[in-house]
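Trainee: Just to be clear, the model below is a prediction. Sequence and coordinates:
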Amino acid sequence: MNSKDPTENNIYFLIKNILACFPDKFEGHFLGMINDHLIAKEASRQILKNEVKEKKPNFRVLAGTLIMQNIFLRQMQRIAVHEVIEIIIPLKYCLHSRFKSIKKLSAEILVRLFTILYFEYFFMPGKTERGQDYINMFKNTFSINDVLSALKKDGVFPRFIFENHMYGVEYEGKTNMTFNKMLKEFYN
């Protein structure tokens, strides 16, 4: 610490909030709190980027960083897209990992990220220009087959992700929006 007053340091507030998570339900409190700290979000993204470059990536580190990104996307959907888009290359690596749970976690992030991008830049009028860089980054990294594969992963519940964004995606002909229409519009 450079300052004599520890309360002037971001790490101080991060540790203080981590300590406040301990009495009960640590995991839930911690995951909710950690994404309020820019230093933790930046560090977890950098750790993920570095970990996928390792000869033998650490399963727990990959899982932990993916869980944090997933929670971040769930909590702060519209804000998170600007930050989570930075990890799409490591996310692609994780999508093809040998670990089943890493594949599932990355597939869930991919579906959330796709849904947020679609909602923000296709569904909402007038925002397409701002998001074109994000859309191009996503399309250049993930193919339609990657998205379809992510939707089919065990433990990923796309219907709930879509409904969280107020999409009525067609399941057995019961709603008005088809996923194929979303994919075609996004990838064309």
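Mentor: On my side now, so go ahead.
Trainee: Could you tell me which ranges of the chain sit under the pLDDT cut-off?
Mentor: Applying pLDDT under 70 to the predicted model, the residue ranges of the chain that meet it are 1-9, 27-28, 35, 77-78, 125-130, 165-178.
Trainee: and the lengthiest helix in it, what does it pack onto?
Mentor: In the chain, assigned by DSSP state H, the helix with the most residues is helix 100-118. Under the contact definition 3 or more C-beta pairs under 8 Å, 6 or more residues apart in numbering; DSSP states H and E, helix 100-118 sits against helix 59-75, helix 77-84, helix 88-95, helix 128-141, helix 144-152, helix 158-164, helix 179-187. Every residue, glycine included, has its C-beta placed from N, CA and C.
Trainee: Now tabulate these in JSON lines and tack on distance to Asp24 and mean neighbour count.
Mentor: Compiled in JSON lines, those are given as follows (distance: least, C-beta to C-beta, whole Å; neighbours: other C-beta atoms under 10 Å):
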{"stretch": "helix 59-75", "distance to Asp24": "19", "mean neighbour count": "19"}
{"stretch": "helix 77-84", "distance to Asp24": "27", "mean neighbour count": "17"}
{"stretch": "helix 88-95", "distance to Asp24": "31", "mean neighbour count": "20"}
{"stretch": "helix 128-141", "distance to Asp24": "38", "mean neighbour count": "14"}
{"stretch": "helix 144-152", "distance to Asp24": "34", "mean neighbour count": "16"}
{"stretch": "helix 158-164", "distance to Asp24": "27", "mean neighbour count": "17"}
{"stretch": "helix 179-187", "distance to Asp24": "40", "mean neighbour count": "14"}
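Trainee: Save those as JSON lines, and put in distance to Glu51 too.
Mentor: Below are those laid out as JSON lines (distance: least, C-beta to C-beta, whole Å):
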{"stretch": "helix 59-75", "distance to Glu51": "5"}
{"stretch": "helix 77-84", "distance to Glu51": "16"}
{"stretch": "helix 88-95", "distance to Glu51": "8"}
{"stretch": "helix 128-141", "distance to Glu51": "18"}
{"stretch": "helix 144-152", "distance to Glu51": "20"}
{"stretch": "helix 158-164", "distance to Glu51": "25"}
{"stretch": "helix 179-187", "distance to Glu51": "29"}
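Trainee: Compare the ones you listed and report which one is nearest to Phe122.
Mentor: Distances from Phe122 to each of the helices and strands packed on helix 100-118 were compared using C-beta to C-beta; the minimum, 5.8 Å, belongs to helix 179-187.
Trainee: And what about the nearest residue to Gly131 once chain neighbours are set aside, helix, strand or coil?
Mentor: Spatial nearest neighbour of Gly131, excluding adjacent residues (C-beta to C-beta, 6 or more residues apart in numbering): Tyr121 at 3.4 Å. Secondary structure state of Tyr121, per DSSP: H, G, I helix; E, B strand; the rest coil, is helix.
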